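In: Provided below are the primary sequence and the corresponding predicted coordinates.
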Amino acid sequence: MNVGQAIRLCRTQRGVSQSTIANRANCSVSYLSMLENNKRDPTLSTVTRIAEALHVPVGLLFVLAADQSELGAIDEHVADQLMQSALASLGASANMTAQVGGHYG
């Protein structure tokens with residue numbers, strides 16, 4: 001599981017800086033950078049705060065973080081479709097966020 005990579009992916013898809021997310025999630029920029037570079041393992045509460053700061057469901061981060069081997073019996077094609085849907089939802093949410101003046105919802 002690569003939670004740091006999923007955080008970075010969501011953040012860059014949203015077009016938001018590390019400092020903005022760190023501020024919203026009440027953590028330091030250096031800690032967020034270490035998470036994104038897999039130099040630290042975040043607690044569930046930290047991942048939850050970061051997901052909230054990114055305006056994404058925490059489950060989406062875990063879907064994006066999962067390796068095929070961690071998905072167990074899920075067919076590789078289904079797993080790929082799940083990943084594509086998760087990525088598409090980021091784009092749709094980012095567009096909706098921009099349209100409503102930067103507010104999630």
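Out: In hand now; what should we look at?

In: hmm, residue 83 and residue 64 touching each other?
Out: Yes. Residue 64 lies in contact with residue 83 (C-beta atoms under 8 Å); the separation is 7.0 Å. C-beta coordinates here come from the backbone N, C-alpha and C atoms, glycine included.

In: more neighbours: which of these two?
Out: Counted by other C-beta atoms under 10 Å, residue 64 and residue 83 do not tie: residue 64 has more neighbours, with 23 against 15.

In: any idea how far that one lies from residue 79?
Out: Computed as C-beta to C-beta, to the nearest Å, the residue 64 to residue 79 distance reads 12 Å.

In: now do residue 48
Out: Counting by C-beta to C-beta - residue 48 and residue 79 are separated by 24 Å.

In: next one: residue 43
Out: Using C-beta to C-beta, which is the criterion applied here, residue 43 is 26 Å from residue 79.

In: more neighbours, these two?
Out: More crowded of residue 43 and residue 79, by other C-beta under 10 Å: residue 79, with 17 against 9.

In: the more buried one in helix, strand or coil?
Out: With DSSP: H, G, I helix; E, B strand; the rest coil as the basis, residue 79 sits in helix.

In: low-scoring stretches of this protein, by residue?
Out: Across the chain, the ranges flagged by pLDDT under 70 are 68, 70-72, 92-105.

In: ok, the residue nearest to residue 20 when sequence neighbours are not counted - contacts?
Out: Once flanking residues are discounted, residue 20 sits nearest to residue 53: 7.9 Å by C-beta to C-beta, 6 or more residues apart in numbering. Contacts for residue 53 were tallied using C-beta atoms under 8 Å, 6 or more residues apart in numbering; they are 20, 21, 24, 25.

In: any buried residues in the helix or strand where residue 53 lies, and which?
Out: Using DSSP states H and E, residue 53 sits in helix 44-54. Within helix 44-54, the residues that count as buried by 16 or more other C-beta atoms under 10 Å are 46, 47, 49, 50, 51, 53, 54.

In: can you name the next helix or strand after it?
Out: That would be, after helix 44-54 and using DSSP H and E, helix 58-65.

In: who does that following helix touch, helix- and strand-wise?
Out: helix 3-14, helix 44-54, helix 76-99 (3 or more C-beta pairs under 8 Å, 6 or more residues apart in numbering; DSSP states H and E).
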